[in-house]
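Asks: model the following, please.
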Amino acid sequence: MRKSQAAIEYILLVALGLFIIVVGFTIAFFVNDFTKSVLVGVDQTRAQAIALLVK
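Replies: Predicted coordinates:
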C-alpha cells in the first residue's frame, strides 16, 4: 500500500467517524425533542385527572 493511499483512507475514516457523530447527535436531539413533547402531553393529562379526582 502506498503512503498516499493510506493517507486518503485515514482521512476517509476520520470523515466517516465525524459523520457518524453528527448523525448521532442529530438523532439524539430529535428523540429528546419528541420525548419532551410527549411528556408535556402526559403532564397535562395527569393534571386533568388529578383535578377531576380532587373535585
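
Asks: what about the helices in the chain?
Replies: Here the chain has its helices, by DSSP state H, at 3-54.

Asks: where are the low-confidence patches of it?
Replies: Applying pLDDT under 70 to the chain flags residues 1.

Asks: distance check, the residue positioned nearest the centre of it against Leu12.
Replies: Central residue of the chain (CA atoms, centre = their mean): Ala28, 0.9 Å from the mean position. Distance of Ala28 to Leu12, given as CB to CB, to the nearest Å: 25 Å. (C-beta placed from N, C-alpha, C; glycine too.)

Asks: ditto for Val22
Replies: Note on Val22: its distance to Leu12, by CB to CB, is 16 Å.

Asks: also Arg46?
Replies: 50 Å.

Asks: what of Phe30?
Replies: From Phe30 to Leu12 the distance is 27 Å (CB to CB).

Asks: then Leu18?
Replies: Taking CB to CB, one finds Leu18 at 11 Å from Leu12.

Asks: repeat that for Gln5.
Replies: The value you get for Gln5 to Leu12, if CB to CB is used, is 11 Å.

Asks: try Ile50
Replies: To Leu12, Ile50 is 56 Å away according to CB to CB.

Asks: then Ser37?
Replies: Where Leu12 is concerned, Ser37 sits at a distance of 38 Å (CB to CB).

Asks: return the distance of Leu16 relative to Thr35.
Replies: As for Leu16, its distance to Thr35 is 28 Å (criterion: CB to CB).

Asks: same check, this time on Ala47
Replies: For Ala47, the distance to Thr35 - CB to CB - is 18 Å.

Asks: what sits against Gly17?
Replies: Not one residue lies near Gly17 by CB atoms under 8 Å, 6 or more residues apart in numbering.
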